[in-house]
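Visitor: sequence first, predicted model second:
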Amino acid sequence: MTHQQHTANVDCRLDPTRIPKHVAIIMDGNGRWAKEQGKERSFGHENGVNTVRQITEIASELGVKYLTLYTFSTENWNRPQQEVDLLMHLVVTAIEQQTPDLIRNNVSLTVIGDTQRMPQFARERLERCIADTAHCTGLVLCLALSYSSRWEIVEACRTLAVQVKNGQLQPDDIDEARVAASMVTADMPDPDLLIRTGGDLRISNYLLWQIAYSELYFTDKYWPAFTKDDFVAAIADFQSRERRFGKTSEQIQEKSDNQL
């Protein structure tokens, strides 16, 4: 299928005015996919990198503004050291290799998480890639590295507590906006859509504050087998839903009518 044909199919299946601004993904199933191929887990991680490239491309083409990928959780530090070392090396090497493509596609890279736990070599190489793409103005590709939502919420609480202790803030001043501004995602809108691959139906300590009103989409496909068409199908499913944010259908329709 040519790029033009693919874009035409996308245009037919999707409403270009209702593309989610922010899509978050839990990339699950690398190890299980590799096992089904009779390979080591590392084979799944390596093929998962190609899926990241493909999904970043289609997200950018569709006009998604932010793509946040759960790349390495704080709980992943408990995996066998050999696998942890491999993942750290794989992540930074893949990003370095893809940086020219990111720049060519006007994609900027950012990272959220407790990056101080990462090996110095990985942290420094990531920082260089972030700096190299800082001038790009298209899609923001955000990697959640050494990240967990509970860690993030605890850090936000500590930040606010210090401000109260120093007299910069009164307890009554703490509201949802203050808490949101203390999160590592403060510069991004909340995800409109959360996708999880791999068949599990859970959130796994990912963006718990931010996904309060996100649409959730689960697929049995393992991450290395997740394609551009699968991503488009997830967007199409998102567009079929009515997002009420706690309101009634009638209120949503009335607001829509008033905007016409």
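Guide: Sure, I can see it. Numbers count the residues shown, from 1 in each chain.
Visitor: CA only for contacts and neighbour counts going forward, please
Guide: Will do.
Visitor: so residue 190: helix, strand or coil?
Guide: Following DSSP: H, G, I helix; E, B strand; the rest coil, we place residue 190 in the coil state.
Visitor: how much space between the closest residue to residue 207 other than its chain neighbours and residue 70?
Guide: Distances taken as Cα to Cα, 6 or more residues apart in numbering place residue 149 nearest to residue 207, at 5.2 Å, with adjacent residues excluded. Here residue 149 is placed at a distance of 11 Å from residue 70 (Cα to Cα, to the nearest Å).
Visitor: cool, and residue 133?
Guide: For residue 133, the distance to residue 70 - Cα to Cα - is 20 Å.
Visitor: how about residue 215?
Guide: Plainly put, residue 215 is 17 Å away from residue 70 if you go by Cα to Cα.
Visitor: same question, residue 63
Guide: 20 Å.
Visitor: for the two, indicate the residue with more neighbours.
Guide: Remark: of residue 63 and residue 70, residue 70 carries more neighbours, 22 against 17, as counted by other Cα atoms under 10 Å.
Visitor: now do the SS call for the more buried one.
Guide: strand.
Visitor: swap in residue 44?
Guide: Assignment for residue 44 (three-state DSSP): helix.
Visitor: tell me the contacts of it?
Guide: Residues near residue 44 by Cα atoms under 8 Å, 6 or more residues apart in numbering: 29, 30, 31, 32, 33, 34, 224.
Visitor: swap in residue 111?
Guide: 142, 143, 144, 145.
Visitor: look up how far residue 130 lies from the nearest residue to it once chain neighbours are set aside.
Guide: Nearest-residue entry for residue 111: residue 143, 4.8 Å, with adjacent residues in sequence omitted and distances by Cα to Cα, 6+ apart. Between residue 143 and residue 130 the computed distance is 11 Å (Cα to Cα).
Visitor: can you check which residues contact both of these two?
Guide: In contact with both residue 143 and residue 130: 109, 110, using Cα under 8 Å, 6+ apart.
Visitor: for the residue nearest to residue 207, give its distance to residue 15.
Guide: Noted for residue 149: a distance of 32 Å to residue 15, by Cα to Cα.
Visitor: do the same with residue 234
Guide: Distance from residue 234 to residue 15, by Cα to Cα: 13 Å.
Visitor: who's more crowded, the two?
Guide: residue 234 (19 against 12).
Visitor: grab the nearest non-local neighbour of the more buried one.
Guide: residue 217 is the one closest to residue 234 (Cα to Cα, 6+ apart), at 6.8 Å.
Visitor: ok so that neighbour is a strand residue?
Guide: Yes - assessed by three-state DSSP, residue 217 belongs to a strand.
Visitor: for the protein, which segments count as helices?
Guide: 3-13, 30-36, 41-62, 81-104, 120-132, 149-165, 176-181, 228-239, 249-259 (DSSP state H).
Visitor: and these: which comes nearest residue 194?
Guide: helix 228-239 (9.5 Å; Cα to Cα).
Visitor: now that closest one: buried residues?
Guide: Applying a neighbour-count criterion of 16 or more other Cα atoms under 10 Å, one finds 228, 231, 232, 234, 235, 236, 238, 239 buried in helix 228-239.
Visitor: any weak-confidence spans in this structure?
Guide: 1-11, 245, 247-260 (pLDDT under 70).
Visitor: got the buried residues for stretch 78-95?
Guide: So, applying 16+ other Cα under 10 Å, buried residues of stretch 78-95: 83, 87, 88, 90, 91, 92, 95.
Visitor: again, but for stretch 28-46
Guide: Neighbour count says stretch 28-46 has 28-34, 41-46 buried, by 16+ other Cα under 10 Å.
Visitor: nearest to residue 193 among those?
Guide: Closest to residue 193, out of all of the buried residues of stretch 28-46 and judged by Cα to Cα, is residue 28, at 16.2 Å.
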